[in-house]
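[1] Provide a 3D model corresponding to the input given below.
(one chain, ligands or ions: 2)
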Amino acid sequence: MESHSVRVAVLGGGSFGTAIANIIAVNGHPTYLWMRDRDNAEVCAQARENSKYLPGYPLCEALNITSDLALAVDEADLVFVSIPSHSFRSVAQQIKPLLASGAQVVSTAKGIEPDGGFTLMSEILQQELSGHPIGVLSGPNFAKEIVAGQQTASVIASESEALTARVQQTLRSETFRVYANHDRGGVELGGALKNIYAIICGMAAAMGAGNNTQAMLLTRSLAEMGRFASAMGANPMTFLGLAGVGDLILTCTSDLSRNYRVGYALGQGQPLDDVVAGLGQVAEGVNTLRQVKQKADDMDVYMPLVSGLYSILFERREIADVVRELMTGEQSYDVEYGRAK
Ligand SMILES: NC(=O)C1=CN([C@@H]2O[C@H](COP(=O)(O)OP(=O)(O)OC[C@H]3O[C@@H](n4cnc5c(N)ncnc54)[C@H](O)[C@@H]3O)[C@@H](O)[C@H]2O)C=CC1
Ligand SMILES: O=C(CO)COP(=O)(O)O
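    Residues are numbered from 1 along each chain as shown. Ligands and ions are numbered 1, 2, ... in the order given. Below you'll find the model as predicted:
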């Protein structure tokens, strides 16, 4: 436990923000969970439960739940931004005038800014909150399993050793373990990219894919992730860690994943807009697919699974035709880090 208490703000009263805020409050640190909706904040504070996102899981009595952003952020030593990528920049801009100097800021979002510039969430924080130490938290972390007390590991990535040490101390518990990594870009890309492949694996499962196919998809997904990350200057070895293969396996094999559920529904023939609208939570993989497809084309990075899913979701191609094309295309190398194809 950190020698003194750390004042923490968690922004975003959804599944993941609520889960990590609760851990930190249970650990005895003054913790504020900010959610934008005042009525929802008051109901959660009274009920000591986030019934919309994590029904049935009581929240620590010491956890402060508020819709007052200034109150939440004021004098915070450490701020977690658990806001979906579509609104991430606007929230970062809102806290800019409120942050104490030296406050450390950590993104938990696993997405890419939707404006087509391929901006990562930590890059948004750097742009909007320059001068503040920045980190990224990612890994195989289903919020529902965290609050259920399942043993979980996560990774905090930052150039700042002080930030990684503080996050490790603030979040650690008997059921939550945090590993450090210096490759912030690689950890962040891992968290974002895996959501694309979760959609693919959910779709395959809905269509009756067996274990052979799931194993092939997981392996070739990892190959594409490493190839793309290398082209982006990240360390491909990062993808052998929790934010890479760890989160890929988790999210591609469980219907606890929103992205997996989107893919499954698509595999059953449901229209994308209906599926996303019916989810009630964020599924970052749909936007990430658009951004990664564009970036891979721009950089001429070979990502057949990304291109195949893109053609199904946005070019109305039949799944069966795309699968046939992928299976009968040019055969290449198994492990090809450093090779173009
Ligand atoms: N780092 C990790 O291991 C994990 C990260 N995540 C990521 O963290 C982010 C949040 O995920 P969840 O909490 O699961 O999403 P969620 O869909 O459960 O909740 C999103 C929350 O953001 C709020 N929100 C949306 N737009 C907003 C705005 N403009 N201003 C203020 N609040 C706004 C919503 O009201 C909701 O409370 C996502 O990018 C997700 O991929 C999710 C699970 C694990
Ligand atoms: O990132 C997650 C688990 O690590 C949550 O995945 P989904 O966003 O697909 O639910």
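
[2] most centrally placed residue in this structure?
    Lys110 (2.7 Å; C-alpha atoms, centre = their mean).

[3] Can you show me the strands along this protein?
    8-11, 31-34, 64-66, 78-81, 104-107, 134-138, 152-157, 176-181 (DSSP state E).

[4] Which one, of the ones you listed, ends up nearest to Ile249?
    strand 152-157 (12.5 Å; C-beta to C-beta). For the C-beta atoms, the positions are set from N, CA and C on the backbone; glycine is no exception.

[5] That closest one versus strand 134-138: what angle between them?
    150 degrees (axes from the mean of the first three to the mean of the last three C-alpha atoms, to 10 degrees).

[6] Number of residues surrounding Ala45?
    17 (other C-beta atoms under 10 Å).

[7] Let me see the confidence value for whatever residue of the stretch 51-200 of the chain ends up closest to ligand 2.
    Here the stretch 51-200 of the chain gets closest to ligand 2 at one residue, Asn141, 4.2 Å apart by C-beta to the nearest ligand atom. pLDDT recorded at Asn141 is 98.

[8] How about the one 4 residues further on?
    Taken from the predicted model, the pLDDT recorded for Glu145 is 98.

[9] Surely it is in contact with Leu256?
    Yes. Taking C-beta atoms under 8 Å as the definition, Glu145 is a contact partner of Leu256 at 7.1 Å.

[10] These two: which is more packed in?
    A count of neighbours by other C-beta under 10 Å puts Glu145 above the other of Glu145 and Leu256, at 17 against 14.

[11] who are the neighbours in contact with that one?
    Contact analysis of Glu145 by C-beta atoms under 8 Å, 6 or more residues apart in numbering lists Thr152, Leu256.

[12] Could you check how far it is from Ser254?
    Distance of Glu145 to Ser254, given as C-beta to C-beta, to the nearest Å: 9 Å.

[13] again, but for Tyr57
    Tyr57 is 18 Å from Ser254, by C-beta to C-beta.

[14] Likewise for Ala162?
    Ala162 is 34 Å from Ser254, by C-beta to C-beta.

[15] Of the two, give the one with the bigger neighbour count.
    Ser254 (16 against 11).

[16] Please give the number of neighbouring residues around the nearest residue to Leu189 once chain neighbours are set aside.
    Setting aside the residues directly before and after it, Leu189 is nearest to Ala229 in space (C-beta to C-beta, 6 or more residues apart in numbering), at 4.9 Å. The tally of other residues near Ala229 (other C-beta under 10 Å) stands at 25.

[17] okay but Ala229 is in contact with Gly186, surely?
    Yes. Ala229 is within contact range of Gly186, at 5.6 Å (criterion: C-beta under 8 Å).

[18] can you list residues touching both of these two?
    With C-beta under 8 Å, 6+ apart as the test, Ala229 and Gly186 both reach Asn235, Pro236, Thr238, Phe239.

[19] residues near the third one, how many?
    What it means is Thr238. Neighbour tally, Thr238, other C-beta under 10 Å: 26.

[20] For it, give me the pLDDT.
    The predicted local confidence for Thr238 is 95.

[21] May I have the residues that are in contact with Ser51?
    So, once contact is read as C-beta under 8 Å, 6+ apart, Ser51 ends up touching Val43, Cys44.

[22] let's go with 10 Å and repeat that
    Asn40, Val43, Cys44, Tyr57 (C-beta atoms under 10 Å, 6 or more residues apart in numbering).

[23] That one and Gly13: what is the separation?
    11 Å.

[24] list residues touching both of the two?
    The contact lists of Ser51 and Gly13 share Asn40, Cys44, where a contact means C-beta under 10 Å, 6+ apart.
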